[in-house]
Structures are given as structure tokens and as C-alpha cells.
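> Based on what follows, work out the 3D shape:
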Amino acid sequence: MELKVQVRLIIFHFHHGGNDMIISINTIEALQQAWLYYDEVTFDTNDITFNEKERKFSLKFTRIMYEKTILKKKFLIFEKVKVPKIISSINFRQVNKMELKADQPDDWMEYIIYNQSKHQIEFKCIKGTVIILMVEELNGTIIDIGEKFFDDNSEYWRLARKKRKK
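Numbers count the residues shown, from 1 in each chain. Next up is the predicted model:
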């Protein structure tokens, strides 16, 4: 069974306390929900680690915290928003092997494929980075590990979102 997850939609399914967001990944559904939550995840290829002895994989990345969007002003059909970012990490345990192909110093996550019959998780990225993990089972977490911050790209105009009727 192969599962391809696009990193573009947002689903709020996590444990959240203060700045600490933790998502447990131990089922296909949990993996899908975790990655649907993220949009525009960027990372430095130097922040990919695999501890062969402990069988642990980690990828540190910057994510946009859409759940913390601040509305600054509205104009006609547009709204100006300010959206913080945070450093997060995806971690997998019981990893038997990691293959990494990275030609660029940084990249953007595009999607993840999980092939359950091969026990393989494959990360594919916009600039061509490919990470393949051979795992015994899905056993991971995604966690916020830094403080939220704003940068030069945190404030921008977008089409106004319609309010949902209750």
C-alpha cells in the first residue's frame, strides 16, 4: 500500500500546550494528518540527522504557524495578515536505514510517500532532495522545538477568507 501525502491542506489535529505542539505518528492516518497540517515547510539539509546506533532519524525545519495568523487590516476583498514561524522537528524511531540525496543546501518539503509493504517512508522535495527511511513500523513525532518568530516575509496581503456560519 502506497500513501502519497501532499503538503498543502491544513487540519488541526495535535496536542498543543503553550508553544509546544506535538503530533504522534504511529498510524497511516496520523502521518497523513500530521503532514496535511504543514504548509511551506523549509529545511536546511545539514539539519537532517540519522543516529544508526540508536536507530533515530530527525529533520529540523521551519514551519509557518497558520493557526496563529493575526489579521492586521482589511481592504475590499483583501486582508493583510501577519503569520509567525517556528522551528519544528520530525523524528522517527526504529529506523533501520536512511538514504539521502541532497544537491542543494536547503529545500521545501513537497510530499511524503509511505509504502507500508516495503516499510519505507520517502520524503520528496521541491528542489530535488530525497530522503528514504526503512522503518520497522511508524513510530514518530513532530514537535515544535523553538520559539515563534517573525521575519521579513511574515506579513503579507491575501484574499480575504470567508467567515464560516455557525
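> Tell me where this protein has helices.
28-37 (DSSP state H).
> Can you list the low-confidence ranges for it?
For the chain, the stretches with pLDDT under 70 are 1-20, 36-40, 163-166.
> Roughly how far does the residue of the chain positioned farthest from its centre sit from residue 92?
Relative to the centre of the chain, and counting by Cα atoms, centre = their mean, the farthest-placed residue is residue 76 at 32.5 Å. Per Cβ to Cβ, to the nearest Å, residue 76 is found 46 Å from residue 92. In short, each C-beta sits where N, CA and C put it, glycine included.
> Same question for residue 148.
Distance from residue 148 to residue 92, by Cβ to Cβ: 25 Å.
> who's more crowded, the two?
Ranked by neighbour count (other Cβ atoms under 10 Å), residue 148 and residue 92 place residue 92 first, with 21 against 14.
> residue contacts, that one?
25, 56, 57, 121, 133, 135, 138, 139, 140 (Cβ atoms under 8 Å, 6 or more residues apart in numbering).
> And residue 121, by the same measure?
Contacts of residue 121 by Cβ under 8 Å, 6+ apart are 92, 112, 113, 114, 115, 132, 133, 135, 138.
> let's see 6 Å
By Cβ atoms under 6 Å, 6 or more residues apart in numbering, the contact list for residue 121 reads 114, 133.
> how much space is there between it and residue 34?
Taking Cβ to Cβ, one finds residue 121 at 12 Å from residue 34.
> can you list the contacts of residue 92 in CSV and add distance to residue 162?
Formatted as CSV, those follow (distance: Cβ to Cβ, whole Å):
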residue, distance to residue 162
25, 32
56, 43
57, 40
121, 36
133, 40
135, 41
138, 36
139, 39
140, 35
